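Enquirer: from the sequence below, what's the structure:
(2 chains, ligands or ions: 2)
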Amino acid sequence: MHDEPVGKVSWVSGPVVRTMETRGVHMLDMVEVGDERLIGEIIGLNGDQATLQVYEDTTGLKPGSPVYSTGYPLAAELGPGLVTSIYDGILRPLKALADATGIFIGRGVRAPSLSREILWDFTPVVRNGQEVTPGMIIGTVPETERIEHRVMVPPNVSGIVTSVASAGKYKVDQEICRVRTPQGDEVPLMMLQRWPVRQKRPVTRRLPADTPLVTGQRVVDCVFPMVKGGAAAIPGGFGTGKTITQHQLAKWSDADLIVYIGCGERGNEMTEVLVEFPKLIDPHSNRPLMERTILIANTSDMPVAAREASIYTGITLAEYYRDMGYHVALMADSTSRWAEALRELSGRLEEMPAEEGFPAYLATRLAEFYERAGMVETLGGSTGSVSVIGAVSPAGGDFSEPVTQHTSRFIGCFWALDKELASARYYPSINYINSHSAYTEFVADWWKKIGGEKYNWEAMREETVDVLRRDDKLQQIVKLVGEEELPDEQKLILDTARILQNAFLQQSAFDEVDTYSVPEKQLRMLSVILHYYHRGSDVVKRSIPIYKYQQLPVRNEIMRMKSRIPNDKLEEFDTLERAIDEQIDALIAE
Amino acid sequence: MATEIGKEYVGVQRIVGPLVMIEGIDGVGYDEMVEIVSDDGKLKHGRVLEVGTKAAVVQVFEHTTGLSIGATKMKFLARPVRIPVSEEMLGRTFNALAEPIDGGPPPIPKDLRPVSGAAINPTLRHHPSDFIQTGISAIDAMSTLVRGQKLPVFSASGLEHDRVIAQIIRQAKIIGKQEPFAVVFGAMGLKHDIADFYRKSFEESGAGNNVATFLTLADDPSIERIITPRSALTLAEYLAFDVGMHVLVVLTDMTNYCEALREVATAKGEVPSRKGYPAYLYSDLAALYERAGQVEGRTGSITQLPLLTMPNEDITHPIPDLTGYITEGQIVLSKALQGAGIYPPINVLPSLSRLMNDGIGEGRTREDHRNVSSQLYAAYARVKRVEVLAAVIGEEELSEIDKQYLTFGQHFEKEFIQQAPDEDRSIEETLNLGWKLLKYLPVSELTRVKEEQIAKYLPKD
Ligand SMILES: Nc1ncnc2c1ncn2[C@@H]1O[C@H](COP(=O)(O)OP(=O)(O)OP(=O)(O)O)[C@@H](O)[C@H]1O
Ligand SMILES: [Mg+2]
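Expert: Ligands and ions are numbered 1, 2, ... in the order given. Next comes the predicted model:
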């Protein structure tokens, strides 16, 4: 199929190439360009002219060079071996590229996403003569200690099993099952399957998303909760903490699998994940985090067309594991770089720009992407989800720009990062006035099961938010008259807000204990702070000067509890609560 | 129609600013290097920006003055722009295309390398974590530089950034190590007196023989600046990854570089994005800034210290904004601090080093480093808020604690940030100084440091 050229290059401008005398090609076909066979994709057809975007550097490419078609669209190879791997935006394994061309990524290098050499331990689940439908599990493969790979009947195949491999070791491209379709065709199935990345994978139906994606990050879980199958955006100017937040979620959230896309960002950040994740232990499975992670790294210096593709390849992998019945969380850092890739390509295509040079179809593309998130009943009948968390990098840190604005319409969680908080090294710098979560009411039941009435998540959350809101209003007054002028009841609000901010919401990614809090610890912490606050009201009501309350030694314990009390020593909170009562009782008795 | 003379053509179609459109060509590749001879026999250089079956757009690095439609000769070299590289280039000064401009002979090349470089495979990067002591407290304690980092300086016109950079170059060292190092200095649109300042500074520090300079002066044609940083980084890559040296690359001024890019984009009639800069400015800058770091199996490293001037001291301007989105932090200089007589005028709050966390702490700097620095940040951020409040209600009306913060702030600026241009503080001195200043605050405020650390490091007068 690769041997007859389907056209000739007629024009080259960076990643955009036009061809002439083109025939026998379709929109979105993958093509190979020039003698080096650079990989590209057809993005426009007009008579015998095609427009291509090329995923590799086009230096030296000459008009007149041949163009070959692969005959199929950009598709992901699916099968065991994806987990723990690191790929570029078009799913070339970066380790194989390193073996081929060394420290600098060379051109025209071809490497399959899945190794054709590895023998996988396949255990069949179906029998001969069994009727199978799309999405049904044919057999399983232990892909990592953590992930059981479930080989499925592809979405477009159904019929009767006429043969199935016995348990044993197979390569991904060996036949492991054969299905006779109602039309009488015999379809051989392998572990290796393909799916066009720009097309979403089918499901039976969407399910309501009401289970929290527990992240261990207190400001997320307790104030702006995320759900499994939800979509979230993290907008913020440079250096406000988008990447660290994404890393924290990738490390600690209770998803089964993480797809992490470094889309047009720094090489060192991907290296960091590669170095760190194999060493870090997932608290939910006690296995190295890498065993549930797939990385896609199309860094900012890699070709811009492959950056555009990386979002789609990533979400296709996420959907594939969702279809096995897993809860997958996908992080895309940064969707703005993807949008800029669109803009850059659109500019070279000389399309009419809409807002700020972005193409008019930006909003549609964003909607299509976030729509691929969701909690679903899979074709195979199980429950799975894809949660999407996209970083947004607004130009100038200004949230009124098009990518932030359009994104905010398609997501349920908006974690707005704040430059001022970040510059005070207050992390996560999530601004609790500008942020919101549409999922709060859906997760309340889940929390009720964890905390019961004693540690009532919903009530404590409401009170927390209320204190923060009132603090925000009071701060306007403080700016004019200073804090000293306020009555003690109001000072107590300011004081409690400060404790909430510093002792609860602020959470260091770099502190061993503080980096991740189990839900129970989060509830206990909130409960301690609110208890101290309620007792503070007792103090103020008795006209005892508030500074005495502020100078109680127990306060220091509260301020330090986040990094002092580990996840498995929650009984220490009892001691802390008793100390609060003792000291306040003593103060009142004075 | 151009007349074909072998690979050479005579006559062009159109000349617009730095761009030349030529027709009637054949077999020309994208991004190919071009030699251009003007009517009066002057040799110029360029590269192919766009190519069709019969026509090409060529960007000329030098002035297009003197080129005519009828007589301009163009020779397509069938290869990308490349420069010679060798260790002999240290101690020498070159133009953007690595031709010597110091009167000396051309160095004997070890290799010829394309200047555009290629992406480093992230699986072969080595995560940087070696602390570089600059001897400047505001940097070492608060926005620590590590080897292999790209840490730009955001400045504004009239600020003393050249002095700061010269001080960093002079004082930068890895504690306890003596390793081969080099400085590659890429100057874009530099004024003559500044170029002289740097030359003197390198000579005085005795580092002159370890410095290779690629110089385009303010009155050189602006388009040359597009090649300067690429040539500098190409030599740096050779020195770091082939020879094994630790290379510090200084690129100044990236604002001039970006303006040259904009000039070309405008001449091409491209759809601009913010403030007229091309939509690919992010990708273009990333292709430069990402050429820093350490890689597996090679001993050397590239640390980048680019400088840019923020137009109107506006950090949201596309140049600092996109730079900040790519680099691993930034050192921000401030006119207000310089106005208050503080050198170096480093505004620590918007400054950041993203690699700091891996370069500090026990065994690298000191176990308390992360927490002290975080505490100083929190305290100084509060100082800035209190100052605003004080301006409204008057200093006397402030609460006792706010007054203490103000005192802390004054000492922090005058004793911690402020230091002499030749004062080289050890990290130990810097951190102790930080603790000494925290003494101006009540201990109950010090919640970001551990109690053990307070016991150990807070002076007990
Ligand atoms: N949760 C956190 N705990 C501790 N430090 C943090 C946290 N979040 C961010 N930081 C600090 O802030 C720095 C910048 O964060 P990060 O790299 O995530 O920013 P970003 O928003 O992704 O920026 P950019 O858009 O430029 O990529 C980090 O290097 C780290 O020092
Ligand atoms: Mg980031």
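Enquirer: quick one, phi/psi of B:K75?
Expert: In terms of degrees, to the nearest 10, the main-chain angles of B:K75 are phi -120, psi 120.
Enquirer: so it sits against B:I22, correct?
Expert: No. B:K75 is beyond contact range of B:I22, at 11.3 Å (criterion: CB atoms under 8 Å). From N, CA and C alone the C-beta is placed, and that goes for glycine too.
Enquirer: list the residues that contact both of the two?
Expert: By CB atoms under 8 Å, 6 or more residues apart in numbering or on different chains, B:K75 and B:I22 have these common neighbours: B:Y9.
Enquirer: up against chain B, what does the stretch 151-300 of chain A have?
Expert: Within reach of chain B by CB under 8 Å from any CB of the partner chain, the stretch 151-300 of chain A has these residues: A:237-239, A:262, A:264, A:266-268, A:270-272, A:274-275, A:297, A:299-300.
Enquirer: show the average pLDDT along stretch A:414-433.
Expert: Across stretch A:414-433, the average pLDDT comes to 93.
Enquirer: residues touching the closest residue to chain A within the stretch 351-461 of chain B, list them.
Expert: Residue of the stretch 351-461 of chain B nearest chain A, by CB to the nearest CB: B:A381 (3.3 Å). Neighbouring residues of B:A381 by CB under 8 Å, 6+ apart: A:E420, A:S423, A:A424, A:R425, A:Y426, B:L349.
Enquirer: let's have those residues in TSV, adding distance to ligand 2.
Expert: TSV is the format used below for those (distance: CB to the ion, whole Å):
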residue	distance to ligand 2
A:E420	18
A:S423	16
A:A424	19
A:R425	16
A:Y426	17
B:L349	19
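Enquirer: residue 414: neighbour count?
Expert: Chain wasn't specified; assuming chain A. Other residues near A:F414 number 21, with proximity taken as other CB atoms under 10 Å in any protein chain shown.
Enquirer: chain B was what I was after
Expert: Residues near B:K414, counting by other CB under 10 Å, number 13.
Enquirer: need phi/psi at it.
Expert: According to degrees, to the nearest 10, B:K414 has phi -80, psi -30.
Enquirer: wait, it touches B:G341, no?
Expert: No. The criterion here is CB under 8 Å, and B:K414 misses it with B:G341 at 9.2 Å.
Enquirer: pLDDT weak spots in the stretch 201-350 of chain A?
Expert: Of all residues in the stretch 201-350 of chain A, none has pLDDT under 70.
Enquirer: residues in contact with A:L289?
Expert: Taking CB under 8 Å, 6+ apart, one finds A:A250, A:K251, A:I258, A:F277, A:P278, A:L280, A:I281, A:D282 in contact with A:L289.
Enquirer: buried members of these into ChimeraX, please.
Expert: Filtering the contacts of A:L289 down to the buried ones (16 or more other CB atoms under 10 Å in any protein chain shown) takes a single ChimeraX command:
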select /A:250,251,258,277,282
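Enquirer: tell me which of the contacts of A:L289 fall in helices.
Expert: Mapping the contacts of A:L289 onto helices (DSSP state H) picks out A:A250, A:K251.
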